[in-house]
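> Take a look and give me a structure for this.
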Amino acid sequence: MVNQLYNLANFLYHCIPNFIVMYRIFRCRHKMIWMSAAAFLLSSFLPDSTQSEKNAPVLQPRVYVFEIRDDIAKPALRVTQKAMDEAEKWKADFILLELNTYGGLVNIADSIRTKIINCRIPVIGFVDNQAISAGALISIACDSLFIRPGGSIGAATVVDQTGNVVPDKYQSFMRSTMRATAESHGKDTLVSGNDTLIRWHRDPHIAEAMVDPTLVVPGLDDSLKVVTLTAEEAIKWNFCEGLATNITEVLEKTGLKHCELKRYQPKAIDKAIGFLLSPVVQGILIMIMLGGIYFELQAPGIGLPLAAAAAAALLYFAPLYLEGLAQNWEILLFLAGLVLLIVEIFVIPGFGVAGIGGIALMVTGLTLSLVDNVVFRLEGTESIWQIVKALMTVLISLFLAFMFFILGSKRLAYSKAFKNIALDATEQKKEGFVSIDARQKEMTGKTGVAHTILRPSGMVSIEDEIFDAVAETGYIEKGDRIRVIRDEAGQLYVEKI
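Take a look at the predicted model:
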């Protein structure tokens, strides 16, 4: 008798947490989820005829944890996609999302909430302080939700970068998305006599009031203000299942205290992408690109400046491409601009349409690669601000590159670091060294022929001697007759006869 009572108590001890979890699973949206999960839970406490009760293995549910603690942007979507893929491969029974954000991009938040709604694994949300604006949309999408005491959720009105409310076209989209997300959790139909009562698991009217200040929720917010729920209010109005201060408490309250836990660990590539997407790093990469191109054009040939520029371009565009910001045509714009600039310098005389067009295309490519293409579908100041912000990043980098590489080149030449890698010897005149041919001073006014093509620099032949020369205007073809018009700074300047 004592043994039977002991076995019954042990059975109930292991079953009650499972029944709690099962109850929460029954509230999930997808029947296939709770049916498979119910079968798993039942198998955890059914007797195994092949083993003794003493040696029977205890099956533990698997919980996969990942977090979003920054602004809702492309990196957050990338983490969500990778985490959910890993959770499915690991065959997790639940996904636990830690969320603490003040909002971000609406289109990214919509993509994240869609992945949560369509996920075959139940998602438990834990608001570890705040889920504001776009964060509110993501938190409402979770199958069950817990909030840290003192936290809040709501204030989902769509605003631009300056904090101003955007046109109603976008508010309407956000209202319907919040409403649809709340509705996705389903409702209960209660019949009492001749009365039928509909009770939503997440009230769509309250979710919509988080966006629209004109909606009044009796008993919650009677004024024309956007709804933001405190932790206690979220429990009262069925927007969360309870309070928790950490993940351990969340697992205890969902009956998952004894579970196999696995966390999403960002890989080195993820950390590198996050680092390279920093505005400061992007500005430095632009400076290296432009500086490398400048120095390579000053001293033609494949060398260190060109290699540095190519490496900087790769580090600049690669993470933007992986995050979906830089498109193929934006990268091609930059390359086309670079080609036009090279053509202007080496092929077409002077500096005209090709050079200006090349610079414009390069700046355009660099700017648009920093902007999410969704801005082209926006109206008002939001899209303009996004483009201006990216343009300012590029222009400031251009200015700093000019200051550093052009005006600061003399300081670099005389620095100790540069002297260690450059020739520092001096050739004295008294030792017989001269900087130019002494006869060059006597060539002014004399005529000759172009020994090579002058674009604008090249070589000329005067009195059977070869001299370096620069065309005063335009280009001079090989074999054309020339006249030396002046000798300046050790350089002959010639014109075509």
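> lowest average confidence, helix or strand, in the protein?
For the chain, counting by mean pLDDT, DSSP states H and E, helix 31-45 ranks last in confidence among helices and strands (a mean of 44).
> Can you name the element that comes right after that one?
With elements assigned by DSSP states H and E, the helix or strand that comes after helix 31-45 is strand 62-68.
> Output the contacting helices and strands for that next one.
For strand 62-68, the packing partners by 3 or more CB pairs under 8 Å, 6 or more residues apart in numbering; DSSP states H and E come out as helix 74-89, strand 94-101, strand 260-263. Where you see a C-beta, it was placed from the backbone N, CA and C, and this is true even at glycine.
> How far away from the center of its chain is the first one?
Read it as helix 74-89. Put simply, helix 74-89 sits 14 Å off its chain's centre (CA atoms, centre = their mean, to the nearest Å).
> what's in contact with that helix?
With CB atoms under 8 Å, 6 or more residues apart in numbering as the test, helix 74-89 has contacts from 64, 66, 68, 70, 95, 101, 104, 108, 111-112, 115-116, 119-121, 264, 266, 270, 273-274, 277, 323-325, 372.
> Could I get the CA-only coordinates of that helix as PDB?
Provided in PDB are the C-alpha atoms of helix 74-89 (Å, rounded to 0.1, in the frame of the first residue of the first chain):
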ATOM      1  CA  LYS A  74      18.200  44.100 -40.500                       C
ATOM      2  CA  PRO A  75      20.600  42.400 -38.000                       C
ATOM      3  CA  ALA A  76      17.600  41.600 -35.800                       C
ATOM      4  CA  LEU A  77      15.800  39.900 -38.700                       C
ATOM      5  CA  ARG A  78      18.900  38.000 -39.600                       C
ATOM      6  CA  VAL A  79      19.400  36.700 -36.000                       C
ATOM      7  CA  THR A  80      15.700  35.700 -35.900                       C
ATOM      8  CA  GLN A  81      15.900  33.700 -39.200                       C
ATOM      9  CA  LYS A  82      19.100  32.000 -38.200                       C
ATOM     10  CA  ALA A  83      17.900  31.200 -34.600                       C
ATOM     11  CA  MET A  84      14.600  29.700 -35.800                       C
ATOM     12  CA  ASP A  85      16.400  27.600 -38.500                       C
ATOM     13  CA  GLU A  86      18.800  26.300 -35.800                       C
ATOM     14  CA  ALA A  87      15.900  25.600 -33.500                       C
ATOM     15  CA  GLU A  88      14.100  23.500 -36.100                       C
ATOM     16  CA  LYS A  89      17.300  21.600 -36.900                       C
END
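> got the buried residues for that helix?
74-80, 83-84, 86-87 (16 or more other CB atoms under 10 Å).
> Over to the last one?
Within strand 260-263, the residues scored as buried using 16+ other CB under 10 Å are residue 261.
> mind listing what it pairs with, with the direction of each?
strand 62-68 (parallel) (DSSP bridges).
> now the partner strand: mean pLDDT?
Across strand 62-68, pLDDT averages out at 95.
> one step back: so which of the buried residues of helix 74-89 comes closest to residue 355?
residue 74 (34.4 Å; CB to CB).
> Walk me through the domains of this protein.
Domains of the chain are assigned by automatic domain parsing as 1-47, 60-263, 268-413, 435-496.
> centre of the chain versus the longest one, how much separation?
For domain 60-263, the separation from the chain centroid amounts to 22 Å (computed by CA atoms, centre = their mean).
> Out of the helices and strands packed on strand 62-68, the one nearest residue 389 is which?
So among the helices and strands packed on strand 62-68, helix 74-89 is nearest, using CB to CB, at 15.4 Å.
> that older thread, using pLDDT, spot the least trustworthy of the buried residues of helix 74-89.
residue 74 (78).
> Please list all residues in contact with residue 139.
99, 125, 127, 131, 145, 153.
> any idea of the mean pLDDT in the helix or strand containing it?
Assigned by DSSP H and E, residue 139 falls within helix 134-141. For helix 134-141, mean pLDDT is 94.
> any idea of the angle that helix forms with helix 74-89?
If you take axes from the mean of the first three to the mean of the last three CA atoms, to 10 degrees, helix 134-141 sits at 20 degrees to helix 74-89.
> how much does helix 134-141 deviate in direction from strand 94-101?
Here the directions of helix 134-141 and strand 94-101 differ by 160 degrees (the same axes, to 10 degrees).
> And residue 450, how far from residue 471?
9 Å (CB to CB, to the nearest Å).
> Now the common contact residues for these two.
Residues touching both residue 450 and residue 471 (CB under 8 Å, 6+ apart) are residue 458.
> Pretty sure residue 124 sits in a strand.
Yes - assignment of residue 124 by DSSP: H, G, I helix; E, B strand; the rest coil places it within a strand.
> Give the burial count for it, as a bare number.
Neighbour count of residue 124, defined by other CB atoms under 10 Å: 25.
> mind listing what the closest residue in space to it that isn't next to it in sequence touches?
Nearest non-adjacent residue to residue 124, counting by CB to CB, 6 or more residues apart in numbering: residue 96, 4.8 Å away. Residues in contact with residue 96 (CB under 8 Å, 6+ apart) are 63-66, 123-126, 247, 250-251.
> for residue 332, helix, strand, or coil?
Applying three-state DSSP: residue 332 is helix.
> Skipping adjacent residues, who's closest to it in space?
Nearest residue to residue 332 in three dimensions, chain neighbours excluded: residue 365, at 7.6 Å (CB to CB, 6+ apart).
> Can you tell me the element that neighbour falls in?
With DSSP H and E as the test, residue 365 turns up in helix 353-368.
> From the chain's centroid, how far away is the following helix or strand past that helix?
Per DSSP H and E, the first helix or strand lying C-terminal to helix 353-368 is helix 381-402. Relative to its parent chain, helix 381-402 has a centroid offset of 17 Å by CA atoms, centre = their mean.
> could you dump the buried residues of helix 74-89 to a markdown table with distance to residue 200?
Output for these, formatted as a markdown table (distance: CB to CB, whole Å):
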| residue | distance to residue 200 |
| --- | --- |
| 74 | 32 |
| 75 | 33 |
| 76 | 28 |
| 77 | 28 |
| 78 | 32 |
| 79 | 30 |
| 80 | 26 |
| 83 | 29 |
| 84 | 26 |
| 86 | 32 |
| 87 | 28 |
